[in-house]
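J.: I would like the atomic coordinates for the input below:
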Amino acid sequence: MPETPKKPRKIEAAFFDVDNTILRGSSSFLFGKAAFKKGFFNRKDFWRMAWQQSLFISRGEKLNSLDAIKDKALSLIAGHKATDLTDLTDEVYENYISPKLWPETVRIAQEHIKAGREVWLVTATPKEIADVIAHRLGLTGGLGTIVEVGKDGILTGKLIGKTLHGKAKRKAVRALAEERNISLSRSYAYSDSVNDLPMLTAVGNPHCVNPDVALRYYANEAGWPILDFKKRELRANKK
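T.: You can find the predicted model right below:
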């Protein structure tokens, strides 16, 4: 009898949240900052988003603050051409995202690539932003929220499916693992927020980066590694 073909050995991957994990603050806000300078919306709307951004940085990711930033961003881009915002992505990365990157988290992500693992960004941010960050950092790719584009190429201000957040991240990671033959039990995940527990608990090697209070407590109880680059930054600034 002919031998049954062996199934290919599953690969390993590392999954990284973006906001407050790969970079400081909200990537959607930084994109909005560039859009404001291009005249997509007015100064009053921009400062409202800036206030929400400051709370996001100081308090960590909360569902209500994340939703507020998302809802405002979607309402502001509605009616604009999708190509106009896509054209902003490189400028956003160079001028706004790149200076906000946490070098330590970027180094860890790139070390996973060197070790032969796939590295995916998993974020509530629109997929276009996740893709450009992943491409610029030499990572495998990005999973993000999908913004609806109308037949005439105009952004509707609505989403296709749900925001990639909470349980939706776990669902997306599991679907990707099935598609790409990834062993989640041997894979890694990194996040700052307790809202990402569904993703963190989906892998065998969860790590917390700049964790909020609730996630720090959970990580300590579970014995997960905690990487706190915010404290290191504060110590460096005091010298």
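
J.: only C-alpha atoms for contact and neighbour calcs from this point on.
T.: Fine.

J.: all strands for this structure, in order.
T.: 13-16, 118-126, 141-149, 155-160, 188-191, 205-209, 226-227 (DSSP state E).

J.: any chance of the ones you listed in TSV, plus mean neighbour count and distance to residue 181?
T.: Putting the strands of the chain into TSV (neighbours: other Cα atoms under 10 Å; distance: least, Cα to Cα, whole Å) gives the following:
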stretch	mean neighbour count	distance to residue 181
strand 13-16	25	10
strand 118-126	24	11
strand 141-149	21	15
strand 155-160	17	26
strand 188-191	28	15
strand 205-209	22	17
strand 226-227	19	28
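
J.: need the helix or strand of the protein with the lowest average pLDDT.
T.: Least confident helix or strand of the chain, by mean pLDDT, DSSP states H and E, is helix 43-59 with a mean of 47.

J.: Pipe the strands of the chain into JSON lines and attach distance to residue 172 and mean pLDDT per row.
T.: Shown next, in JSON lines, are the strands of the chain (distance: least, Cα to Cα, whole Å; pLDDT from 0 to 100):
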{"stretch": "strand 13-16", "distance to residue 172": "11", "mean pLDDT": "98"}
{"stretch": "strand 118-126", "distance to residue 172": "8", "mean pLDDT": "91"}
{"stretch": "strand 141-149", "distance to residue 172": "8", "mean pLDDT": "85"}
{"stretch": "strand 155-160", "distance to residue 172": "14", "mean pLDDT": "70"}
{"stretch": "strand 188-191", "distance to residue 172": "13", "mean pLDDT": "98"}
{"stretch": "strand 205-209", "distance to residue 172": "16", "mean pLDDT": "97"}
{"stretch": "strand 226-227", "distance to residue 172": "24", "mean pLDDT": "96"}
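
J.: Of the ones you listed, which is nearest residue 28?
T.: Set against residue 28 and scored by Cα to Cα, the strands of the chain come closest in strand 118-126, at 5.9 Å.

J.: Turn the strands of the chain into a markdown table, including distance to residue 107.
T.: Listed next are the strands of the chain as a markdown table, based on distance: least, Cα to Cα, whole Å:
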| stretch | distance to residue 107 |
| --- | --- |
| strand 13-16 | 12 |
| strand 118-126 | 12 |
| strand 141-149 | 16 |
| strand 155-160 | 32 |
| strand 188-191 | 13 |
| strand 205-209 | 13 |
| strand 226-227 | 13 |
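
J.: Nearest to residue 132 among those strands would be which one?
T.: strand 141-149 (8.3 Å).

J.: now for the closest one, which elements pack on it?
T.: Identification of packing neighbours for strand 141-149 by 3 or more Cα pairs under 8 Å, 6 or more residues apart in numbering; DSSP states H and E yields strand 118-126, helix 127-137, strand 155-160.

J.: The nearest residue to residue 31 once chain neighbours are set aside: neighbour count?
T.: Closest residue to residue 31 apart from its sequence neighbours, by Cα to Cα, 6 or more residues apart in numbering: residue 92 at 5.9 Å. Neighbour count of residue 92, defined by other Cα atoms under 10 Å: 22.
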